[in-house]
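Enquirer: One predicted model, sequence on top.
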Amino acid sequence: MDKPTHITLFGGTRTIGGTICRVQTASAALVFDMGHVVRPSSPMFSGALVPRSNADLRAIGFLPDIPELYTNEHHADFAICISHNHLDHTALLPYMANEISLFSTKDTCKILKLIADAHIEHQPSLELIGVEPHAWQQVGDLQFQFVPVDHDTPGAAAILISAPDLRIVYSGDLRFHGWRPEVSRAFVDQARAFQPDVLLIEGTRAADEARPQVSEQELVRLLAEAMQSEVRMVYFNAYPRHPERVLAFARVSREAHRVPVFDARTLYVAAHFAERLPEDVAVWAGEELPEAVDRWLATAGVRRIGPEDIREAPGAYAAELNYDRLWRLIDLGPQAGGLYIHSNGAPLGPFDPAWDNLQRWLAYFGVTFRSIGTSGHAALDEIVQAVQTIQPRVYLPIHSFYPERVIAPGVLRVLPEEGVAYTLSDLLAAGSLPEQS
């Protein structure tokens, strides 16, 4: 009898992000994704305490114990798939061996390269293989394809995997209240037609089922109202990995009769996902920029705005103010006061140590804080409905602090444990039919 396929999760079973899953047959292996999350109870390297090698990082669980990820002795039967470009799905890529085959969608590959060129975050020198959606790829006896979903970043996709003895669907991250909900609905329909044995599905919002999320269209209206009702300076933060939101800030600023001013690196990334830039957009002056960004600015003819320009008429501007550039408030001086719109950029929330420090900076300079954002993740009832529509033989809720709250009546469920290699028989035997209380 042939050796059965094993599914092993190395992260993401009780965290939001950090999903790492290996699907392994007798002759091939596929790993998805490659993110990392901070675990307060785990030891960490930082500051003067630095790792001696990847072995140290593996020893404390920072890196998954998958030896094939770190050796240059690779063959055609091992690969990594990346569902989308967010750090909680890609942060460990810099530690991977260069020779690994790394697959993702073309838009994910595009934005990762732009972020690397702009020096926004450290990105690996790995060669990413950008593939067309729905096109089957093969690694040994494993076949897989990327199926687009709507998320708050370009190129996001679910992954369908066909092994010799089972079929797997991994949802990646998705939502139904973004600009293209029909894309996520089409994924659900395709996943159902695939007739999966196993569904790994995100449950990020399992704890906030009572909190509605505004659509991206409604969010734009709220941003416009906030800017139009403010007479002082307006600041905003934006996630560079979400070009649509960045460009929305540019449009809303113009509608509020304000000049939109961006960090040049953020605008560089966003511009490559737009047919043309909004009129009269500008960037902050006074910084040395990466060559690729500087060259693009010269070609695009984007003007640069310095603190002296804003001091003369603060009410005429809306400017991006990232956490690592809060010192711009010092440069603006007495005219720094205004409104700060936090829209899902960094720091990401109160769990981030930088969150309290952001509040201190804003309070010191008389800047009012306001959160106007929306999640990149589906609501709990939408996830449950997706499970029931797809109808896998067994589903595994992951990417969640509370996976036990993802209850799809009538469908077998397993709450997976990290490091356990499950066969389909194992999952079916361990599965239960949870009922809603």
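Expert: Yep, that arrived.
Enquirer: And stretch 375-395, what's buried?
Expert: Buried residues in stretch 375-395, counted by 16 or more other Cβ atoms under 10 Å: 375-380, 382-384, 386-387, 390, 392-395. To be clear about C-beta, it is placed using only N, CA and C from the backbone, and glycine gets the same treatment.
Enquirer: With stretch 181-190 instead?
Expert: Pro181, Val183, Ser184, Arg185, Phe187, Val188, Gln190.
Enquirer: So for Ala378, what's the nearest residue that isn't a sequence neighbour?
Expert: Leaving aside its sequence neighbours, Ala378 sits nearest to Arg175 (Cβ to Cβ, 6 or more residues apart in numbering; 4.8 Å).
Enquirer: Need phi/psi at the one you found.
Expert: phi -150, psi 170 (degrees, to the nearest 10).
Enquirer: That one: what's it in contact with?
Expert: Asp150, His151, Asp152, Pro181, Ser184, Gln213, Ser375, Gly376, His377, Ala378, Glu382 (Cβ atoms under 8 Å, 6 or more residues apart in numbering).
Enquirer: in which helix or strand would I find the fifth one?
Expert: Taking DSSP states H and E as the criterion, Ser184 maps to helix 181-194.
Enquirer: which residues are in contact with that helix?
Expert: 147-150, 158, 160, 167, 169, 171, 174-176, 178, 199, 378, 386, 389-391.
Enquirer: Just the ones of those in helices?
Expert: Using DSSP state H, the members of these that fall in helices are Ala386, Thr389, Ile390.
Enquirer: Among the residues you listed, find me the one that's closest to Ser27.
Expert: Closest approach to Ser27 among the ones in helices among the contacts of helix 181-194 (Cβ to Cβ): Ile390, at 28.3 Å.
Enquirer: Would you mind confirming that that closest one is in contact with Pro196?
Expert: Yes: between Ile390 and Pro196 there is a contact under Cβ atoms under 8 Å: 6.7 Å.
Enquirer: Neighbours of the nearest residue to Leu166 once chain neighbours are set aside, how many?
Expert: Spatially, and ignoring its direct neighbours in sequence, Leu166 is nearest to Asp197 (4.2 Å; Cβ to Cβ, 6+ apart). Neighbourhood size, Asp197 [other Cβ atoms under 10 Å]: 18.
Enquirer: Assign Ala226 to helix, strand or coil.
Expert: Ala226 falls in the helix class when you classify it by DSSP: H, G, I helix; E, B strand; the rest coil.
Enquirer: Surely it touches Gly373?
Expert: No: Ala226 is beyond contact range of Gly373, at 11.8 Å (criterion: Cβ under 8 Å).
Enquirer: moving C-terminal of the one helix or strand in the chain whose mean pLDDT sits lowest, what's the next helix or strand?
Expert: Every helix and strand in the chain was compared by mean pLDDT, DSSP states H and E; the lowest is helix 54-59, with a mean of 88. The C-terminal neighbour of helix 54-59 among helices and strands, as given by DSSP H and E, is strand 78-81.
Enquirer: model confidence over that next one, on average?
Expert: Strand 78-81 shows a mean pLDDT of 94.
Enquirer: which other helices and strands contact it?
Expert: strand 29-32, strand 101-105 (3 or more Cβ pairs under 8 Å, 6 or more residues apart in numbering; DSSP states H and E).
Enquirer: Convert stretch 48-62 to CSV, retaining C-alpha atoms only.
Expert: Extracted C-alpha coordinates of stretch 48-62, given in CSV (Å, rounded to 0.1, in the frame of the first residue of the first chain):
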residue,chain,number,x,y,z
ALA,A,48,22.1,42.4,21.8
LEU,A,49,20.7,38.8,21.9
VAL,A,50,21.2,37.6,18.4
PRO,A,51,21.0,34.1,16.9
ARG,A,52,24.1,32.4,15.8
SER,A,53,22.4,30.7,12.9
ASN,A,54,19.0,29.4,11.6
ALA,A,55,19.5,26.4,14.0
ASP,A,56,19.1,28.7,17.0
LEU,A,57,15.9,30.1,15.5
ARG,A,58,14.6,26.6,14.9
ALA,A,59,15.4,25.6,18.4
ILE,A,60,13.1,28.2,20.0
GLY,A,61,10.4,27.6,17.4
PHE,A,62,10.8,30.9,15.5
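Enquirer: Could you list the residues in contact with it?
Expert: With contacts defined as Cβ under 8 Å, 6+ apart, stretch 48-62 is touched by His36, Arg39, Ser42, Pro43, Met44, Phe45, Leu63, Pro64, Asp65, Tyr70, Tyr95.
Enquirer: Could you identify the buried members of those?
Expert: Buried by 16+ other Cβ under 10 Å: His36, Leu63, Pro64, Tyr70, Tyr95, out of the contacts of stretch 48-62.
Enquirer: gap between the last one and Ile330?
Expert: What that stands for is Tyr95. Using Cβ to Cβ, to the nearest Å, one gets 36 Å for the distance from Tyr95 to Ile330.
Enquirer: Then the fourth one?
Expert: According to Cβ to Cβ, Tyr70 and Ile330 sit 43 Å apart.
Enquirer: which SS state does the nearest residue to Val367 once chain neighbours are set aside fall under?
Expert: The shortest distance from Val367 to any non-neighbouring residue, by Cβ to Cβ, 6+ apart, is to Tyr340 (4.9 Å). Following three-state DSSP, we place Tyr340 in the strand state.
Enquirer: Report pLDDT for Tyr340.
Expert: Per-residue pLDDT puts Tyr340 at 97.
Enquirer: tally of neighbours for it?
Expert: With other Cβ under 10 Å as criterion, Tyr340 counts 21.
Enquirer: Report the contact partners of it.
Expert: Here Tyr340 is in contact with Tyr235, Phe236, Asn237, Leu321, Leu362, Val367, Thr368, Phe369, Arg370 (Cβ under 8 Å, 6+ apart).
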